[in-house]
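Asks: My questions concern the predicted model and sequence given below.
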Amino acid sequence: MEAFTEFIIVYEHTQSKFEAFISSITDQKLLDEWSKEYLDDKWMQPQVEEWIDEYFDDETDDIGRRLNSDLIKIVRHIAQDDLHSKPPYHSFEEREIYDLDKIAHELINFSTPQLYKYVNQEFLKPGTLWETFYKTPNRLLTAVQLVINKIITNGDSSKAPTSTSEPTPQPPREPTEEEKEQVKNRDGYACLCCGVNTEGKLEIDHIKPFSMGGKTFVENLQTLCVICNRRKGRNEIDFRQNKTKLSIPKTDLSIPKNLESFTLESEKAIRTLTRIVNLFYHCKAVYKVDWEVYTYTYNIYLYPNNKPEWLLQHKTELLKFVQERLGRQAYNIEVTTKK
Ligand SMILES: [Zn+2]
């Protein structure tokens, strides 16, 4: 599981409500359930709605329609934290100290090594929140440099709103028609996972799911067919990558799980196999799948750096699946890496 920092905006009138809600999250069974890596939206929503009913006022507190996902983030944070610690609260006054615009103005004439030294010192000062906001000194350095560049190119930015005085509005979940068209065009009007290219079946997917903080912009979007998109679920998978990022296969989207949840689609076995294998590797690992007429063998060719052994462990199950569920004549499945 990858860790990341998220921020939730708390207003004066919602602060005590959030506090009450957070203190109520103590039930061990609830914490166990909410700590699971994969949770279905359908499973979470009824529970979230109950919390909103109990602790918040739908009309005044659901600012920017974020309350739902904010509560999910909070509960997941508490549940997944080893000590079930509560998320820390930082006031805006406190955040003033971390106003990059102010800092950038002070450092505008620094050389890069001087900047580097300054940022590292600041970052390591005990009791500061730099690490919470930026994770690494390098990220802070990049952020400071960006603001300095902005000041240099735009002249004085004192009139511009600072990054901390106003909350940035949440970008919309749904991409614009223009963005959708741009993504489909880039992806060749086909599902990046299985290759389906029927216009009516194509959807635009967030590579990093929106509900996990993924943003709606072209770089985080990809073209998937309805089936692949549904199966990808809340996993972060970039099907433009040919090399898996996993160090071991995940149980979610594993071969047994995928075969089990399979619903018969009227499509070629090769497409079904491509989809199952790509989901299994969490990337577009399949270079091609073909069927050898003389030996009744399905050959699966993987892009380099995806271990064939992962898949070969499930060879028997896969073969049985092709024979029984897909109804194909097959004696063997071979997995090799593309040369
Ligand atoms: Zn697909």
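Replies: Perfect, thanks for sending it.

Asks: On the C-terminal side of the helix or strand bottoming out on mean pLDDT in the chain, identify the next helix or strand.
Replies: One helix or strand of the chain scores below all others by mean pLDDT, DSSP states H and E: helix 92-96, with a mean of 70. Following helix 92-96 in sequence order, the next helix or strand is helix 100-107 (DSSP states H and E).

Asks: Give me the next element, helix or strand, following that following helix.
Replies: Taking DSSP H and E, what comes next after helix 100-107 is helix 112-124.

Asks: related to what we said a few turns ago, which helices and strands does the least confident helix or strand of the chain pack with?
Replies: For helix 92-96, not one helix or strand is in contact under the criterion 3 or more C-beta pairs under 8 Å, 6 or more residues apart in numbering; DSSP states H and E. Where you see a C-beta, it was placed from the backbone N, CA and C, and this is true even at glycine.

Asks: Which of the three states applies to the nearest residue to Phe321 once chain neighbours are set aside?
Replies: Leaving aside its sequence neighbours, Phe321 sits nearest to Leu259 (C-beta to C-beta, 6 or more residues apart in numbering; 4.9 Å). Three-state assignment for Leu259 (DSSP: H, G, I helix; E, B strand; the rest coil): helix.

Asks: if I look at Leu259, how far off is the ion?
Replies: 17 Å (C-beta to the ion, to the nearest Å).

Asks: Same check on Leu246?
Replies: Distance from Leu246 to the ion, counting by C-beta to the ion: 20 Å.

Asks: Next one, pLDDT for that residue please.
Replies: With respect to pLDDT, Leu246 has a value of 90.

Asks: tell me which parts of the protein are close to the ion?
Replies: 191, 193-194, 196, 225, 228 (C-beta under 5 Å from the ion).

Asks: Which pair of those residues spans the longest distance?
Replies: By the measure C-beta to C-beta, Cys193 and Val196 form the most distant pair in the residues of the chain next to the ion, at 8.6 Å.

Asks: So for those two, which residue has more residues nearby?
Replies: Counted by other C-beta atoms under 10 Å, Cys193 and Val196 do not tie: Cys193 has more neighbours, with 28 against 20.

Asks: wait, isn't the more buried one in contact with Arg230?
Replies: No - the pair Cys193 / Arg230 is not scored as a contact, 11.2 Å apart, by C-beta atoms under 8 Å.

Asks: list the residues that contact both of these two?
Replies: Taking C-beta atoms under 8 Å, 6 or more residues apart in numbering as the contact rule, Cys193 and Arg230 have no neighbour in common.

Asks: give me the number of residues near Pro87?
Replies: 17.

Asks: same deal with Lys257?
Replies: 15.

Asks: Just the C-alphas of the least confident helix or strand of the chain, formatted as PDB.
Replies: Below are the C-alpha coordinates for helix 92-96, written out as PDB (Å, rounded to 0.1, in the frame of the first residue of the first chain):
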ATOM      1  CA  PHE A  92      -4.800  28.600   8.800                       C
ATOM      2  CA  GLU A  93      -2.800  31.000  11.100                       C
ATOM      3  CA  GLU A  94      -0.400  28.200  11.600                       C
ATOM      4  CA  ARG A  95      -0.200  27.600   7.900                       C
ATOM      5  CA  GLU A  96       0.800  31.300   7.400                       C
END
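
Asks: gap between that helix and the chain center?
Replies: Relative to its chain's centre, helix 92-96 lies at 29 Å (C-alpha atoms, centre = their mean, to the nearest Å).
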